[in-house]
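J.: okay, predicted coordinates and the sequence, questions at the end:
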Amino acid sequence: MNELINFDEISREKWQELYRNNIPPLTEEELENIRSLNDQINMQDVTDVYLPLVHFFRIYKKNIEDMRFSKGLFLQKISKAPTLIIGIAGSVAVGKSTTARLMQTLLSRVFKHTKVDLITTDGFLYPNDVLKEKGIMHRKGFPESYDMEKLTNFLYEVKSGKTAEAPVYSHESYDIVPDEKIVIDNTDILIVEGINVFQSPQNDQLYIGDYFDFSIYVDANEENIEKWYLERFDSLLALAKDDPSNYYYQFTKWKFEDVIALAKNTWRDVNLVNLEEYIKPTRNRADVIIHKGDDHFIDKIYLKKY
Ligand SMILES: Nc1ncnc2c1ncn2[C@@H]1O[C@H](COP(=O)(O)OP(=O)(O)O)[C@@H](O)[C@H]1O
Ligand SMILES: CC(C)(COP(=O)(O)O)[C@@H](O)C(=O)NCCC(=O)O
């Protein structure tokens, strides 16, 4: 069975055509600002793909606001608008963080006076000492390596309008950063990015999917993602070369072919297995799938039909 049967496949050309007329263009200066914030982004992707996506999200936003208003009339109680939460999922190294940062910038520009925050779910991984104690250090990124109850409580607090705190993970230390927190307060839109955002509950009470108002899955073929994983591994090594406190520093002393073998094995034995078993099966829960081809070029968009 085609697992994407529930989606309309839209080519990049058609997508940009569909939405072009509705889009107030960003100024050159605004585009330049986005580029300086995020040098990975191809400006053509911004105008052809991401701006239409932001405007598509507007439909969801309006729908949610109308529903809240109507419910308020029925209940004779007007409540404060809850934070809208956008989930962004996909494989390790597919480019979720890059997409999430770009969406954050665009949303806050297109919806003026809107506070848009971003957190990543790797902050909810158990710290390395807990993973070691549980004997699952080699399973980092798999469902059991996350404190899903903490993540669910965090999302509940955000939705309830309380001040909420998210822990922070660092690729450089390869661990949770002790005592560092991201504080979410009075946020209009929160983007939650991570490999596990559409995963199933660990018990019947918890389902984080209930908290997402709009969801995006970043997709690509496995050969490309492996390539991007290896390139990122390389960048992490380059960053680490003069910093003994960096987790990747140790590998900068290894022979080149041994480092490549380590990165390839980690991809094959950990991240690829995780992708096939736990991440890709959640793809059809997204409202929108962004499909990337070679060199991160977005070639197709899939929209959920029902
Ligand atoms: N649009 C893009 N163009 C070029 N490189 C990109 C793009 N998106 C991501 N990358 C690169 O691909 C690698 C993985 O991206 P990242 O955002 O870190 O992935 P994730 O958050 O999914 O693990 C990084 O090296 C990043 O610089
Ligand atoms: C911490 C992560 C699970 C987070 O994923 P990401 O933010 O890179 O998508 C991943 O980067 C990771 O460390 N995986 C474990 C195996 C490895 O060292 O790549």
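T.: Yep, it's here. Ligands and ions are numbered 1, 2, ... in the order given.
J.: give me the number of residues near residue 63?
T.: Residue 63 has 11 neighbours, counted by other CB atoms under 10 Å. Heads up, the C-betas are built off the backbone N, CA and C, glycines and all.
J.: residue 90 bridge partners, please.
T.: For residue 90, the beta-bridge partners are residue 218 (DSSP bridges).
J.: check the offset of the helix or strand containing residue 10 from the chain's centre.
T.: Per DSSP states H and E, residue 10 falls inside strand 7-11. Put simply, strand 7-11 sits 21 Å off its chain's centre (CA atoms, centre = their mean, to the nearest Å).
J.: kindly report the same for stretch 299-306.
T.: Between the centre of stretch 299-306 and the centre of its chain there are 17 Å (CA atoms, centre = their mean).
J.: what's next to the helix or strand just after the strand holding residue 10, contact-wise?
T.: Counting by DSSP H and E, the next helix or strand C-terminal to strand 7-11 is helix 12-19. Helix 12-19 is contacted by residues 10, 47, 48, 49, 51, 52, 55, 56, 298, 299, 300, 301 when judged by CB atoms under 8 Å, 6 or more residues apart in numbering.
J.: so what's residue 53 up against?
T.: Applying CB under 8 Å, 6+ apart to residue 53 gives the contacts 103, 216, 288, 290, 301.
J.: and with 7 Å instead?
T.: Going by CB atoms under 7 Å, 6 or more residues apart in numbering, residue 53 touches residue 288.
J.: going forward, count from 23.
T.: Okay, using 23 as the starting number, the last item reads as residue 75.
J.: sticking with residue 323, tell me its helix or strand.
T.: strand 320-326.
J.: same check on residue 55?
T.: Using DSSP H and E, residue 55 sits in helix 50-59.
J.: and the residue nearest to residue 251 when sequence neighbours are not counted, how many residues sit next to it?
T.: Distances taken as CB to CB, 6 or more residues apart in numbering place residue 115 nearest to residue 251, at 3.9 Å, with adjacent residues excluded. Applying the criterion other CB under 10 Å, we find 22 residues in the vicinity of residue 115.
J.: residue 115 contacts residue 249, correct?
T.: No: Residue 115 lies out of contact with residue 249 (CB atoms under 7 Å); the separation is 9.0 Å.
J.: quick one: end-to-end distance for stretch 271-281.
T.: For stretch 271-281, the first-to-last residue distance is 11 Å (CA to CA, to the nearest Å).
J.: quick one: buried residues of it?
T.: For stretch 271-281, a neighbour-count test (16 or more other CB atoms under 10 Å) marks 271, 273, 274, 281 as buried.
J.: just put the residues you listed in a markdown table and tack on distance to residue 255, pLDDT and secondary structure.
T.: Formatted as a markdown table, those follow (distance: CB to CB, whole Å; pLDDT from 0 to 100; DSSP: H, G, I helix; E, B strand; the rest coil):
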| residue | distance to residue 255 | pLDDT | secondary structure |
| --- | --- | --- | --- |
| 271 | 13 | 96 | helix |
| 273 | 9 | 96 | helix |
| 274 | 12 | 95 | helix |
| 281 | 8 | 95 | helix |
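J.: can you tell me the helix or strand for the closest residue in space to residue 63 that isn't next to it in sequence?
T.: Take residue 63 and drop its neighbours on the chain: the residue closest to it by CB to CB, 6+ apart is residue 124, 5.5 Å away. Using DSSP H and E, residue 124 sits within helix 118-132.
J.: then that helix to CSV, C-alphas only?
T.: Output in CSV follows, covering the C-alpha atoms of helix 118-132 (Å, rounded to 0.1, in the frame of the first residue of the first chain):
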residue,chain,number,x,y,z
LYS,A,118,15.3,19.8,10.8
SER,A,119,17.2,22.5,12.8
THR,A,120,17.9,24.5,9.7
THR,A,121,14.3,24.3,8.6
ALA,A,122,13.1,25.2,12.1
ARG,A,123,15.3,28.3,12.4
LEU,A,124,14.2,29.5,9.1
MET,A,125,10.5,29.0,9.9
GLN,A,126,11.0,30.9,13.2
THR,A,127,12.5,33.9,11.4
LEU,A,128,9.8,33.9,8.6
LEU,A,129,6.9,33.4,11.0
SER,A,130,8.0,36.3,13.2
ARG,A,131,8.4,38.6,10.1
VAL,A,132,5.2,37.6,8.3
